[in-house]
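# Coordinates for the following, if possible.
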Amino acid sequence: MSRKFLTVSLVVLLAMMLAACPAPTEVEVPQRSVSMAVLWAGEELEALLTTLAPFEQRTGIDVVVETVGREMPVVLLTRVLAGIPPDVAAIPNPGQMREFAEMGDLVSLNGIVDLVDHPKAFLDLATVDGHIYGLFLSADLKSLVWYSPKAFAAAGYEIPTTWDELIALSEQIVADGKTPWALGMESGGATGWVGTDWIEDIMLRTAGPELYDKWVNHEIPWTHPAVKKAWEHFGQIVLREDFVDGGTVGALTIPFSESPNALFTDPPRAYMHRQATFIQHFILEANPDLVPGEDFSFFVFPPISPEHGTPLLGAGDLISAFRDTPEVRELLNYLASAEAQGIWVGELGKLAVNRNVDPAVYPDPLTAKAAGLLAGAEVFRFDASDLMPAAVGAGTFWSGVVDYVGGTPLDTVLQTIEASAIDAYGR
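This is a model prediction of the structure:
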């Protein structure tokens, strides 16, 4: 049989087979989709799905969300090393984002995502070697001192604008026979984290952001004079029995979520409480009749060293991409937008990073005020303990605060943390 005859026969056979098949009624087009791994569950997951709904409806892109939970850092690293990362992920913190960027696994957002309305402080946090590798969906602000305007007015107290004025006000309140601070650190297995936030805020104000970053990366030891100075400033308040509601025992045993209630007793058991924006939820849960902005408010934790100004400390929801596709680009631009962030923060009461989010989306004037502070931030730093290896940040740093407040000498505390840091960082 000739090759020509074989070819003609195959063509005829193929034509007969096609004729026998029913004509397709519709050509199937592969669905456009983006896989997204997050650590959120419950209300936060519902808020994310609500945020994504307009995007999916408008673009036809299906965002397949997977909740990983608290094991996100380990799971994400495992998948990246195995070559099967999600398209997009909510990165637990800028530290892990930097690690992935340095490994060459993240997509640079330069030129593909519009971040012009995001504060420089947040762009800097997501930048590695001149490239932006993440965008912040929202943030929480920690550098706040809560108080009762009515109680302040009744006692004739004024809001302090420096650390020295803060200490002077505390002394005045004591001289009046009252207690200046509500400071409770009990948090189950996480007891001590409240104190780490104090020390981090103070470190930013006494040492500055550059040395703060070196401390986070263990480029300076825990026994460094700048680190010790921050702890000593914290000690000026927490170690004064007459400064804290319940003294040092109260600081160690009062649950963090209950401690601000001391501001709202009659008469007040305390007048000031340093905590993040999320504490408003606990205040209103225990005191539902209070009106935000009238019965309680906040002022920014004051500067200490003038040359370092008033930096802001907090945490945030960071989004990065492991694959560069048209669908991923569309999703990232949406999540960076005022539209998406307005929905997200409106659902959760968090703070938008995009400056164009309408303040009307916030549930109360205090949250809107905090969002304004965040949008105008010149220097913002992520919670240091969240960036450190868990053995330090969620280990010896937490326990070291408890030991320090309990009476262990500061040098001993810092030497213990330093020993664990050497093991954790490998240097």
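# which residues of the chain score low on pLDDT?
1-30 (pLDDT under 70).
# Okay, domains of it per the record?
Domain segmentation of the chain under automatic domain parsing yields 33-139+315-369, 144-310+388-425.
# would you turn those into a markdown table with mean neighbour count and distance to Val379?
Any C-beta I mention is one placed from the backbone N, CA and C, and that applies to glycine too. As requested, the domains of the chain are arranged in a markdown table below (neighbours: other C-beta atoms under 10 Å; distance: least, C-beta to C-beta, whole Å):
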| stretch | mean neighbour count | distance to Val379 |
| --- | --- | --- |
| domain 33-139+315-369 | 18 | 6 |
| domain 144-310+388-425 | 18 | 5 |
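# Would you format these as a markdown table with distance to Ala375 included?
Below are the domains of the chain laid out as a markdown table (distance: least, C-beta to C-beta, whole Å):
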| stretch | distance to Ala375 |
| --- | --- |
| domain 33-139+315-369 | 5 |
| domain 144-310+388-425 | 14 |
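# I'd like to know which of those domains lies nearest to Phe382.
Between Phe382 and these, the shortest gap by C-beta to C-beta is with domain 33-139+315-369, which sits at 5.4 Å.
# Quick check: end-to-end length of the closest one?
Domain 33-139+315-369 has its terminal residues 37 Å apart, counting by C-alpha to C-alpha, to the nearest Å.
# Figure out how far it is from the centre of its chain.
12 Å (C-alpha atoms, centre = their mean, to the nearest Å).
# again with stretch 376-388
Distance, centroid of stretch 376-388 to centroid of chain: 8 Å (C-alpha atoms, centre = their mean).
# Ok, stretch 363-371 next?
With C-alpha atoms, centre = their mean, you get 17 Å for stretch 363-371.
# Contacts made by it with the rest, please.
Residues from elsewhere that reach stretch 363-371, judged by C-beta atoms under 8 Å, 6 or more residues apart in numbering: 141, 144, 277, 280, 292-293, 296-298, 345-346, 349, 351-352, 357, 359, 362.
# Break down the stretch 101-250 of the chain into its helices, ranges please.
For the stretch 101-250 of the chain, the helices defined by DSSP state H, counting those that start in this stretch occupy 120-125, 149-155, 163-175, 193-206, 209-216, 225-238, 247-253.
# With the stretch 251-400 of the chain instead?
Using DSSP H, counting those that start in this stretch, helices in the stretch 251-400 of the chain cover 279-286, 326-336, 338-348, 365-375, 384-387, 390-391, 397-405.
# Save those helices as CSV, and put in distance to Thr67 too.
Output for the helices of the stretch 251-400 of the chain, formatted as CSV (distance: least, C-beta to C-beta, whole Å):
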stretch, distance to Thr67
helix 279-286, 22
helix 326-336, 17
helix 338-348, 16
helix 365-375, 26
helix 384-387, 20
helix 390-391, 21
helix 397-405, 26
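# Compare the ones you listed and give me the one nearest Gly111.
helix 326-336 (10.4 Å).
# Grab the CA positions of that closest one and hand them over as PDB.
Listed in PDB are the C-alpha atoms of helix 326-336, where the atom choice follows Å, rounded to 0.1, in the frame of the first residue of the first chain:
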ATOM      1  CA  PRO A 326      -3.300  38.700  34.000                       C
ATOM      2  CA  GLU A 327      -5.800  37.400  36.600                       C
ATOM      3  CA  VAL A 328      -3.300  37.900  39.500                       C
ATOM      4  CA  ARG A 329      -2.600  41.400  38.300                       C
ATOM      5  CA  GLU A 330      -6.300  42.300  38.200                       C
ATOM      6  CA  LEU A 331      -6.800  40.900  41.700                       C
ATOM      7  CA  LEU A 332      -3.800  42.700  43.200                       C
ATOM      8  CA  ASN A 333      -4.900  46.000  41.700                       C
ATOM      9  CA  TYR A 334      -8.400  45.500  43.100                       C
ATOM     10  CA  LEU A 335      -7.100  44.600  46.600                       C
ATOM     11  CA  ALA A 336      -5.000  47.800  46.600                       C
END
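# Nothing else from me, thank you.
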